[in-house]
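Student: I'll drop the sequence and a predicted model, then ask my questions.
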Amino acid sequence: MKTGNYHIKKLPKCLIVIGLFELLYLFVLIQNSILMINSHYTPDYEMIDLKPYTEKQLLTSEDYQVLFEQTGLAPNAVDNIMKKNDCYELLKQYQINFFRKTYVATSNNPFMTRSEYICSKSGSKTKGFITAPLEEGYLLYTPSSSTLGWRNGHIGIVIDDKNNLVFEALAPGMLSDVGTAEHWTSYPAFIMLKIKNNITKNNERLIPDIISTINNKLMGIPYNLFAGVLSAKNPSVCKSSQCAHIIWYAFSLYGLDIDSNRGMIVTPEDIADCDLFEIVQIYGVNPSRYSIGK
């Protein structure tokens with residue numbers, strides 16, 4: 001009799017728990033569907049011929065704006081490409097990639113996270129674009145990852161432009177390390193950033209010193225999703241971190257707070273929104289969201 005009463009009393013609680021899990025699953029399913037719809041932006045305006053712009057001796061602010069909307073390249077990247085003999089062909093390739101419609105799929109990762117990637121019609125991962133010329137200290141940011149339906153994104157920093165090497169804290173269970181920039185070209189949305197010139201003009205050693213600190217003090221750090229919450233945000237020695245926090249920490253050692261909202265948790269988006277940086281390149285992102293100038 002006791003056993004029967006026990007099951008009768010416990011059954012509603014079990015149903016409540018099951019119901020809550022089902023609601024959470026439904027919520028995440030809906031959120032992930034919304035995220036997929038907004039995973040990649042393709043321009044809804046026409047491609048134009050870029051040849052006249054490559055023949056100009058001097059580009060105006062309006063010219064840079066047009067090139068940004070056509071290629072995703074901001075003035076700094078445009079200037080670098082204009083120095084090359086095949087600048088027209090290069091700009092045209094960026095333009096084609098920027099306007100190309102893509103297929104996007106997702107991979108499920110540990111801890112209820114998902115990463116979006118560009119795929120072929122058959123479903124295999126493929127590259128969607130080429131990066132602008134990399135320079136040391138450039139930040140690579142993508143919003144193309146999520147946890148429980150929330151876009152947390154990912155960020156890394158270029159520490160060797162000759163070999164296209166990027167430092168990043170990739171995922172739970174992994175140590176901070178260096179990889180190549182190649183895998184970034186499979187994300188359906190991408191933003192490249194650089195520290196503004198007025199920050200570095202009086203401190204030419206800033207980026208080299210930050211990279212030196214990364215190489216000597218921040219390699220092989222265990223991943224900690226809750227850095228800044230369950231551990232100090234700015235410890236004297238960084239013993240665990242996550243992708244945005246570890247980059248924020250490196251900059252903070254040189255007096256720069258690149259966390260735009262100054263919260264306990266540093267997210268990739270917080271850094272991407274920091275006004276100490278400017279856009280170098282976007283891909284799969286609406287250019288109308290950004291103001292560029294020269």
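Tutor: Nice, thanks for sending it over.
Student: residue contacts, the spatially closest residue to Asn80 that is not a sequence neighbour?
Tutor: Spatially, and ignoring its direct neighbours in sequence, Asn80 is nearest to Pro133 (4.9 Å; CB to CB, 6 or more residues apart in numbering). Quick note: C-beta positions are derived from backbone N, CA and C, even for glycine. Counting by CB atoms under 8 Å, 6 or more residues apart in numbering, Pro133 touches 77, 80-81, 161.
Student: Equivalent analysis for Pro188, please.
Tutor: Contacts for Pro188 were tallied using CB under 8 Å, 6+ apart; they are 39-40, 102, 104, 116-118, 128, 144, 284.
Student: got the residues you listed as a markdown table, with secondary structure, neighbour count and pLDDT columns?
Tutor: Converted to a markdown table, the contacts of Pro188 look like this (DSSP: H, G, I helix; E, B strand; the rest coil; neighbours: other CB atoms under 10 Å; pLDDT from 0 to 100):
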| residue | secondary structure | neighbour count | pLDDT |
| --- | --- | --- | --- |
| Ser39 | coil | 22 | 89 |
| His40 | coil | 21 | 93 |
| Thr102 | coil | 18 | 92 |
| Val104 | strand | 18 | 91 |
| Glu116 | strand | 25 | 91 |
| Tyr117 | strand | 22 | 93 |
| Ile118 | strand | 24 | 95 |
| Gly128 | coil | 23 | 95 |
| Ser144 | coil | 25 | 92 |
| Gly284 | coil | 25 | 97 |
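Student: if we can go back for a sec, which members of the contacts of Pro133 are positioned in helices?
Tutor: If you go by DSSP state H, the contacts of Pro133 have 77, 80-81 in helices.
Student: In JSON lines: the residues you listed, plus distance to Pro172 and neighbour count.
Tutor: Compiled in JSON lines, the ones in helices among the contacts of Pro133 are given as follows (distance: CB to CB, whole Å; neighbours: other CB atoms under 10 Å):
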{"residue": "Ala77", "distance to Pro172": "33", "neighbour count": "23"}
{"residue": "Asn80", "distance to Pro172": "36", "neighbour count": "16"}
{"residue": "Ile81", "distance to Pro172": "38", "neighbour count": "19"}
